[in-house]
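Asks: test case, fold it:
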Amino acid sequence: MSYLQPLTPEEKLADAKKQLSLPRIVVICGSARFMTEMAEVDLQETVAGKIVVKPGCDMKSPHELWSDPVEAEALKVRLDDLHRAKIRLADEVLVVGDYIGDSTRAEIAYARSLGKPVRFTHPEVDPAP
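Replies: Numbers count the residues shown, from 1 in each chain. Reported below is the predicted structural model:
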């Protein structure tokens, strides 16, 4: 006798996206130094018919929301968690820029651990062995 296995959360999400006829979702990753390039890539991917999610703020630029170092560190943790949620939601990851820092490297590893395809605007920086 064969029993159906319950769907995993990932399978449920993929099924919901399919039922809703959603376009592919791409999440942009990369260093905050590439925010201008990310905006251009967002435009290109959107025109190509994809839903785009990307980092929503640049903590390297001064702002009152992260002017206090203690609050800034707590905010960075929350934003990192939020970006990992964006990666889980996405169908693919697009890494922008010709530099990969520790945070972006961790995001790439996380995406790959989930089986997400990862593209690069500069493929030569791909940290994959």
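Asks: pLDDT on the helix or strand harbouring D81, on average?
Replies: Using DSSP states H and E, D81 falls within helix 69-89. Taken as a whole, helix 69-89 carries a mean pLDDT of 94.
Asks: got the buried residues for that helix?
Replies: Neighbour-count burial for helix 69-89 flags L79, H83, R84, K86, I87 (criterion: 16 or more other Cβ atoms under 10 Å). C-betas here are computed from N, CA, C, even on glycine.
Asks: how about stretch 55-62?
Replies: Residues of stretch 55-62 classed as buried: P55 (neighbour count, 16+ other Cβ under 10 Å).
Asks: show the end-to-end separation of it, please.
Replies: 16 Å (Cα to Cα, to the nearest Å).
Asks: and that stretch, how far from the chain's centre?
Replies: When distances are taken as Cα atoms, centre = their mean, to the nearest Å, stretch 55-62 is centred 15 Å away from the chain's centroid.
Asks: what does stretch 75-93 give?
Replies: Its chain's average C-alpha position is 6 Å from that of stretch 75-93, according to Cα atoms, centre = their mean.
Asks: mind listing residues that contact that stretch?
Replies: For stretch 75-93, the surrounding residues in contact (Cβ atoms under 8 Å, 6 or more residues apart in numbering) are 10, 13, 17, 24-29, 53-57, 59, 65-66, 103, 107-108, 110-111, 114, 116-119.
Asks: write the ChimeraX selection for whichever of the residues you listed are buried.
Replies: In ChimeraX, this line selects whichever of the contacts of stretch 75-93 come out buried by 16+ other Cβ under 10 Å:
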select :17,25,26,27,28,29,53,54,55,66,103,107,108,110,111,116,118
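Asks: all strands of this protein, in order?
Replies: Secondary structure of the chain by DSSP state E: the strands cover 25-29, 51-53, 92-95, 118-120.
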